[in-house]
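Asks: I'd like to go over a predicted model; first the sequence, then the structure.
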Amino acid sequence: MSNPFNTASKSKNPNSSFSLSPSQLMIDSSRVSKSSKFNITNSLPNYKSLFKWFYKLSLNRKHLIALISCELVSILGIAVSTKLFINQSLRTQLIEQTKSELLVSEFNYYTKFNQMSFGLRSPSENAAIITVLNLYNSGEGLDQKWQTVIKPILKNKAQTLNVEYATLVGKDLKIIANANANRQGETFNPSNLVKEALKTSQAIKATRIISGSELSREFPLISNKFGEKDALIRYLITPVKDPKTKVVIGALVIGDIMNKQDAIAKETLQALPAGYHGIYLHKPNGEFTLVGSQLQEESNNLHQIKPQVELPLESKSLLSEAAAVNPGTIVTKHVVLGNKTYIMAAKALSNTILGEGNRTKAVDHTQPLAILVRGTPETSLNNLLTQSWLLQTVLVFVTFVLIGIWGLILKRSISKPIYDLQQTTQKFTAGDRHIRAQVFADDEIGQLAVSFNQMADFITQELHSQENDTKFTQQLQQITTHIREVLSSQTILNTAVSDLRDALQSDRVLFYNLNGHWQGNIIAESVAESWSTVLEENISIPYFGEEYSDELEIGSVKTVHNIYENNLSQSYLQQLESQAVKAYLLTPVFINKKLYGLLVTHQCSHERHWQDREINLFKQVAIQIGYALEQAELIQQIEQSHQTAQISSWEEQQHKQVIQKQLLELLEDVEGVVRGDLTV
């Protein structure tokens with residue numbers, strides 16, 4: 001048989017304790033001093049006004065400002081830096097391209113020297129030239145026969161090489177024969193180049209200025225072509241050696257006048273895109289004059305060529321810079337020609353180059369005479385930059401649209417849930433205990449909303465629990481007051497079971513009065529109308545025999561949520577079933593530490609899970625019943641003693657009166673004797 005009173009069933013749940021009152025669950029602001037209250041605005045550091053303004057903004061505006069600022073700075077920064085980088089890169093690339101194209105122009109310039117050098121290697125013509133030079137150097141005069149042989153050869157070379165000068169010079173620096181006007185016997189050593197070539201036995205490529213008077217001494221056609229002005233000429237002085245002795249026996253001078261030539265420009269513009277090509281003469285007085293140029297422009301996919309286009313006067317500083325730096329150094333500048341901007345590259349050419357093939361070197365470091373200029377239009381660059389800028393503008397616009405879209409998304413997913421949570425929190429703190437936060441997502445904000453709902457549920461449950469505890473406490477106080485106001489034991493029990501049933505909302509509450517043989521007699525009962533009464537029934541309770549008296553303690557409660565799940569004996573179950581009991585609470589009532597009876601509450605309609613506060617109330621009422629019964633018994637004993645004392649005092653008074661009466665009679669007899677009445 002199981003233990004009828006399980007001490008573990010005593011309420012140990014902290015929720016059943018009465019240590020907290022409902023008012024203690026929330027902070028009483030009236031008890032907090034003003035100086036100790038939290039002030040969010042005052043607790044912030046004293047930053048600058050801009051930061052204060054930002055801190056006072058709503059979270060949505062802070063988020064929007066931060067998003068737009070970060071995105072705007074990053075996008076505009078990337079866009080501007082990209083534009084500057086692309087602009088600088090493309091301009092640098094265009095400058096390098098222009099420099100490369102200038103090198104192509106320089107290559108074409110020196111290619112003519114190579115062509116002139118290769119044109120002098122015809123074996124049959126060279127044999128005639130060597131024969132004439134040997135005859136001339138031997139002192140024998142050249143008859144007309146040899147003049148008719150050598151002069152056509154020189155004319156043929158001039159025509160083949162498309163040059164103006166083709167002159168054969170002896171070791172004495174005198175002209176043996178020339179392709180133009182007969183100048184035989186004249187000394188011919190321009191800029192001492194012929195003498196230097198004969199001395200070094202190496203070919204010399206030179207750029208020189210030729211005067212108009214020198215041109216007029218040549219073929220008149222040349223004079224008519226170039227006039228009396230100074231011209232820029234390229235000389236190729238080739239020493240002629242005797243194939244047998246390897247001794248220099250003379251020199252062949254080829255001269256190519258550069259003025260108004262367009263061969264180099266045409267070759268350059270054919271190999272390169274549209275642009276500008278020019279050659280300028282740098283005179284000893286520092287003046288720059290145009291030797292020849294061509295400007296090729298694209299219009300409707302057609303190439304328009306303009307000859308003899310000179311750089312603007314304000315752009316001549318490019319030529320000055322090119323002439324001032326070391327020969328071979330390229331200088332660049334932006335120049336406006338017509339309505340277009342060009343990147344112009346200029347390079348000063350060496351005046352004198354000694355040697356042939358790969359074994360050449362510049363030997364003259366005087367002021368450069370020829371300046372090569374190449375210009376590349378920025379039209380394609382500007383078009384590319386415009387397209388790039390338009391593309392970046394479109395990208396920035398698309399990015400702003402995306403920022404707006406993401407701003408709305410973030411507002412709905414972050415700012416709005418936080419705002420709704422803040423509003424929900426304010427309403428909850430204002431007293432709306434039914435409001436709950438909407439869980440929008442499973443992110444941190446969603447988890448915060450879930451935590452808030454759990455906290456709100458817990459607070460609401462605690463408040464409800466505290467309210468119930470307060471209610472039960474008030475009910476206990478009320479029951480205690482009611483049973484302490486009466487002095488009759490029966491009235492105390494009747495009041496207690498009636499008030500307790502109302503408090504517990506149970507179907508039946510009764511009080512067993514136990515006799516010495518552990519037989520129960522129900523002396524007080526409160527029962528719902530739908531259930532039968534068991535008052536004044538003598539009921540045998542074999543489950544509570546004398547053998548279990550030691551287990552009945554003050555404050556112990558037998559809790560049964562379902563009589564069929566508590567291992568009760570069959571006889572006890574039958575007894576409970578006869579009373580339609582499904583669940584019950586049972587606790588002993590002691591008077592002066594002696595078991596007086598059992599307080600029992602029945603749930604007949606259904607099984608019931610008794611709450612800790614209900615168990616605690618039940619237990620406290622039983623204890624108060626014991627105290628009330630002790631008080632009533634004590635008062636009854638006092639009254640009985642008082643009544644007994646009153647009766648004893650009346651009997652004593654009656655006895656005194658009899659004795660007094662007897663004394664008076666005795667005194668009267670004594671007085672009669674004294675008077676002589678002997679009959680007394």
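Replies: The structure has been received and is ready for your questions. Remember, predicted model here, so these are calculated numbers, not experimental data.

Asks: what bits of this structure have low per-residue confidence?
Replies: Within the chain, the stretches with pLDDT under 70 are 1-48, 116-125, 141, 219-228, 260-273, 299-303, 357-358, 516-518, 536-551, 669-680.

Asks: try 50
Replies: 1-44, 124, 223, 542-543, 545-547 (pLDDT under 50).

Asks: Select the longest helix from it.
Replies: Longest helix in the chain by number of residues (criterion: DSSP state H): helix 612-674.

Asks: Which strands or helices does it pack on?
Replies: helix 444-485, helix 489-504, strand 583-591, strand 594-603 (3 or more CB pairs under 8 Å, 6 or more residues apart in numbering; DSSP states H and E). Every C-beta, even on glycine, is put in place using the N, C-alpha and C of the backbone.

Asks: What residues sit buried inside the last one?
Replies: Applying a neighbour-count criterion of 16 or more other CB atoms under 10 Å, the buried positions in strand 594-603 are 595, 596, 597, 598, 599, 600, 601, 602, 603.

Asks: Name the nearest of those residues relative to residue 152.
Replies: Residue 152 lies nearest to residue 603 out of the buried residues of strand 594-603, by CB to CB, at 145.9 Å.

Asks: give the contact list for the closest one.
Replies: Going by CB atoms under 8 Å, 6 or more residues apart in numbering, residue 603 touches 506, 507, 581, 582, 583, 584.

Asks: Name the nearest residue to it, ignoring sequence neighbours.
Replies: Among residues not flanking residue 603 along the chain, residue 583 sits closest, at 4.3 Å (CB to CB, 6 or more residues apart in numbering).

Asks: Against residue 620, how distant is that neighbour?
Replies: 20 Å (CB to CB, to the nearest Å).

Asks: Likewise for residue 311?
Replies: Residue 311 is 115 Å from residue 620, by CB to CB.

Asks: can you check residue 424 too?
Replies: 39 Å.

Asks: now residue 631
Replies: 16 Å.

Asks: same deal with residue 135?
Replies: Noted for residue 135: a distance of 155 Å to residue 620, by CB to CB.

Asks: Next: residue 415.
Replies: With CB to CB as the criterion, residue 415 and residue 620 are 53 Å apart.

Asks: what do you get for residue 289?
Replies: 125 Å.

Asks: Compare the two (neighbour count), which wins?
Replies: residue 620 (20 against 14; other CB atoms under 10 Å).

Asks: what residues are up against that one?
Replies: residue 476.

Asks: ok, now residue 278?
Replies: Applying CB under 8 Å, 6+ apart to residue 278 gives the contacts 265, 290, 291, 292, 293, 294, 309, 310, 311, 372, 373.

Asks: Quick one: those as CSV, columns for secondary structure and distance to residue 380 too.
Replies: Shown next, in CSV, are these (DSSP: H, G, I helix; E, B strand; the rest coil; distance: CB to CB, whole Å):
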residue, secondary structure, distance to residue 380
265, helix, 21
290, strand, 26
291, strand, 28
292, strand, 26
293, strand, 21
294, strand, 19
309, coil, 20
310, coil, 24
311, coil, 21
372, strand, 23
373, strand, 20
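
Asks: Tell me the buried residues within those.
Replies: Counted by 16+ other CB under 10 Å, the contacts of residue 278 give 265, 290, 291, 292, 293, 294, 309, 311, 372, 373 as buried.

Asks: Once you drop chain neighbours, what's closest to the third one?
Replies: If the residues on either side of it in the chain are set aside, residue 291 comes closest to residue 279, at 4.3 Å by CB to CB, 6+ apart.

Asks: Which residue, other than its chain neighbours, is closest to residue 605?
Replies: Nearest to residue 605 is residue 507, by CB to CB, 6+ apart, at 6.0 Å.

Asks: Give me the secondary structure label for residue 66.
Replies: Following DSSP: H, G, I helix; E, B strand; the rest coil, the label given to residue 66 is helix.

Asks: and it, how many neighbours?
Replies: By the criterion of other CB under 10 Å, residue 66 has 11 neighbours.

Asks: Check the one 4 residues further on too.
Replies: For residue 70, the tally of surrounding residues (other CB under 10 Å) stands at 11.

Asks: Tell me the helix or strand right after the host helix or strand of it.
Replies: Using DSSP states H and E, residue 70 sits in helix 59-118. For helix 59-118, the following helix or strand on the C-terminal side (DSSP H and E) is helix 123-137.

Asks: which ones are touching residue 584?
Replies: Contacts of residue 584 (CB under 8 Å, 6+ apart): 558, 560, 563, 576, 600, 601, 602, 603.

Asks: before we move on, back to that, for the residue nearest to residue 291, which residues make a bridge with it?
Replies: Judged by DSSP bridges, the bridge partners of residue 279 are residue 292, residue 372.

Asks: Now stretch 58-77: buried residues?
Replies: 60, 63, 64, 67, 71, 75.

Asks: Could you check how far the third one is from residue 411?
Replies: Spatial separation of residue 64 from residue 411 under the definition CB to CB is 8 Å.

Asks: Residue 636: how many residues sit nearby?
Replies: For residue 636, using other CB under 10 Å, the count is 13.

Asks: and what of residue 475?
Replies: 18.

Asks: how about the residue nearest to residue 283 when sequence neighbours are not counted, what does it touch?
Replies: The shortest distance from residue 283 to any non-neighbouring residue, by CB to CB, 6+ apart, is to residue 289 (6.7 Å). Neighbour list for residue 289: 280, 281, 283 [criterion: CB under 8 Å, 6+ apart].

Asks: In terms of helices and strands, where is residue 289?
Replies: If you go by DSSP H and E, residue 289 is part of strand 288-299.

Asks: Pull out the CA atoms of that strand and give them to me as CSV.
Replies: The C-alpha coordinates for strand 288-299 follow below in CSV (Å, rounded to 0.1, in the frame of the first residue of the first chain):
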residue,chain,number,x,y,z
PHE,A,288,60.8,77.9,-87.2
THR,A,289,59.5,77.7,-90.7
LEU,A,290,57.4,75.0,-92.2
VAL,A,291,59.2,72.7,-94.6
GLY,A,292,56.2,70.5,-95.4
SER,A,293,53.1,69.1,-93.8
GLN,A,294,49.8,67.3,-94.4
LEU,A,295,46.7,67.2,-92.3
GLN,A,296,44.4,64.3,-92.9
GLU,A,297,40.9,64.5,-91.4
GLU,A,298,38.0,62.0,-91.4
SER,A,299,34.6,63.2,-92.5
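
Asks: distance between that strand and the chain's centre?
Replies: In terms of CA atoms, centre = their mean, to the nearest Å, the centre of strand 288-299 is set 56 Å apart from its chain centre.

Asks: circling back to that earlier point, isn't the residue nearest to residue 291 up against residue 372?
Replies: Yes - counting by CB atoms under 8 Å, residue 279 does reach residue 372; the two are 6.0 Å apart.

Asks: Name the residues contacting each of those two.
Replies: Both residue 279 and residue 372 are contacted by residue 109, under the criterion CB under 8 Å, 6+ apart.

Asks: I'd guessed residue 233 sits against residue 253; true?
Replies: No - between residue 233 and residue 253 there is no contact under CB under 8 Å: 10.7 Å.

Asks: Spit out the residues that contact these two alike.
Replies: Taking CB under 8 Å, 6+ apart as the contact criterion, the common neighbours of residue 233 and residue 253 are residue 165.

Asks: circling back to that earlier point, counting neighbours, what do you get for the residue nearest to residue 605?
Replies: Neighbours around residue 507, by other CB under 10 Å: 24.

Asks: tell me the contacts of it?
Replies: By CB under 8 Å, 6+ apart, the residues touching residue 507 are 501, 527, 528, 530, 531, 602, 603, 604, 605.

Asks: out of the residues you listed, who has the most neighbours?
Replies: Neighbour counts for the contacts of residue 507 peak at residue 602, which has 26 neighbours (criterion: other CB under 10 Å).

Asks: Can you report how many residues lie near residue 502?
Replies: 14.

Asks: How about residue 203?
Replies: Look at residue 203: counted by other CB under 10 Å, it has 22 neighbours.

Asks: cool, and the one 3 residues further on?
Replies: The burial metric for residue 206, expressed as a neighbour count using other CB under 10 Å, is 24.
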